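Student: Have a look at this prediction, sequence included:
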Amino acid sequence: MTTVEKNITWHETSVTQQAYRENNGHHSGVIWFTGLSGSGKSSIANELNHLLHERGIHTYLLDGDNIRHGLNADLGFSEEERKENIRRIGEVSKLFADSGTIVLTAFISPFQEDRDRVRASLPEGDFLEVYVDCPILECESRDPKGLYKKARQGQIKGFTGIDSPYEAPKHPDVILESHQMDIKSCAEKLLILLEDKGWI
Ligand SMILES: Nc1ncnc2c1ncn2[C@@H]1O[C@H](COP(=O)(O)OS(=O)(=O)O)[C@@H](OP(=O)(O)O)[C@H]1O
Ligand SMILES: Nc1ncnc2c1ncn2[C@@H]1O[C@H](COP(=O)(O)OP(=O)(O)O)[C@@H](O)[C@H]1O
């Protein structure tokens, strides 16, 4: 993307991230789920969101399909469009983290470089990369939206894991093997991690 030069100035706000965090009584940051379609990103993120919400923690869940209905409705699935998708989600996530919220994101986000860019845009330790690791054969047998079937039949071109790449995280903060642990256990593992890290 090209950066257009504009006469704009950054304004500091009087209510700081620290002040929001103090009001909320917990840390804020980004819990970034990545994995193949059908690996369980949405299901696990939803469950964790629920567990956190029950505890009175300020959270928000950004989910791939939903964001592509609105903010990113103009984007398809070419490599460039996926990069732009993740760039925008990264920016939105930063705003949520800045507002004292724990934001959970559930996007395939297939490229390491794009995920690393979001991590680098946040203060050290405020980004947790969660790899929902599930063999493609298992994802394909789940096929909750019938998309693998369509991709195999050639009705969807450039489907992740079939004819579009997925780069597994090199150094994720957590790996959830969703073919071996159920949804609740995966979410509880993350809850313990957030406690250990002092986020909650
Ligand atoms: N070509 C292709 N490849 C992968 N996925 C596809 C494609 N076309 C549509 N879908 C549906 O879109 C969801 C993925 O959107 P994301 O925004 O998470 O993708 S990406 O991060 O930009 O790669 C994905 O949702 P999830 O199954 O929740 O991952 C699919 O439902
Ligand atoms: N351990 C697990 N973790 C997550 N999802 C699971 C698990 N076991 C079975 N599933 C099922 O797999 C499907 C995953 O779909 P979804 O959460 O939409 O994945 P994604 O967001 O990665 O596309 C759901 O139907 C869910 O019920």
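Tutor: That came in fine, so what should we check first? Ligands and ions are numbered 1, 2, ... in the order given.

Student: Report whether the expected contact of K184 with N46 is present.
Tutor: No - shown here, K184 and N46 do not form a contact pair, counting by C-beta atoms under 8 Å, at 11.2 Å. Backbone N, C-alpha and C define where each C-beta goes, glycine included.

Student: Could you check which of the two has the larger neighbour count?
Tutor: Shown here are K184 and N46; by other C-beta atoms under 10 Å, N46 has more neighbours (17 against 12).

Student: Quick one: name whatever helix or strand follows the helix or strand containing the more buried one.
Tutor: Per DSSP states H and E: N46 is located in helix 41-54. Following helix 41-54 in sequence order, the next helix or strand is strand 59-63 (DSSP H and E).

Student: And for that following strand, what's in contact with it?
Tutor: If you take C-beta atoms under 8 Å, 6 or more residues apart in numbering as the criterion, strand 59-63 is touched by 42, 45-46, 49, 52-53, 89, 92-93, 96, 101-107.

Student: and with 7 Å instead?
Tutor: 42, 45-46, 49, 52-53, 89, 92-93, 96, 101-106 (C-beta atoms under 7 Å, 6 or more residues apart in numbering).

Student: again, but for stretch 122-131
Tutor: 29-35, 94, 97, 115, 118-119, 168-169, 172-176, 190.

Student: Among these, which are located in helices?
Tutor: Mapping the contacts of stretch 122-131 onto helices (DSSP state H) picks out K94, A97, R115, V118, R119, L190.

Student: These: which two are farthest apart?
Tutor: K94 and L190 (20.4 Å; C-beta to C-beta).

Student: quick one, which of these two is more surrounded?
Tutor: Neighbour count, other C-beta under 10 Å: between K94 and L190, L190 has more, with 23 against 18.

Student: and the closest residue to ligand 2 within the chain, how far is that from G154?
Tutor: Nearest to ligand 2, among the residues of the chain, is G40, at 2.3 Å (C-beta to the nearest ligand atom). Here the criterion is C-beta to C-beta, to the nearest Å. By it, G40 lies 26 Å from G154.

Student: Between the two, which is the more surrounded one?
Tutor: Counted by other C-beta under 10 Å, G40 and G154 do not tie: G40 has more neighbours, with 28 against 10.

Student: coming back round to it: quick one: which of the ones in helices among the contacts of stretch 122-131 is nearest F77?
Tutor: Comparing those against F77 with C-beta to C-beta places R115 closest, at 17.0 Å.

Student: who's in contact with the closest one?
Tutor: W32, T34, S109, E129, P169.

Student: next one: C134
Tutor: C134 sits next to G35, L36, S39, G40, S178, H179 when contact means C-beta under 7 Å, 6+ apart.
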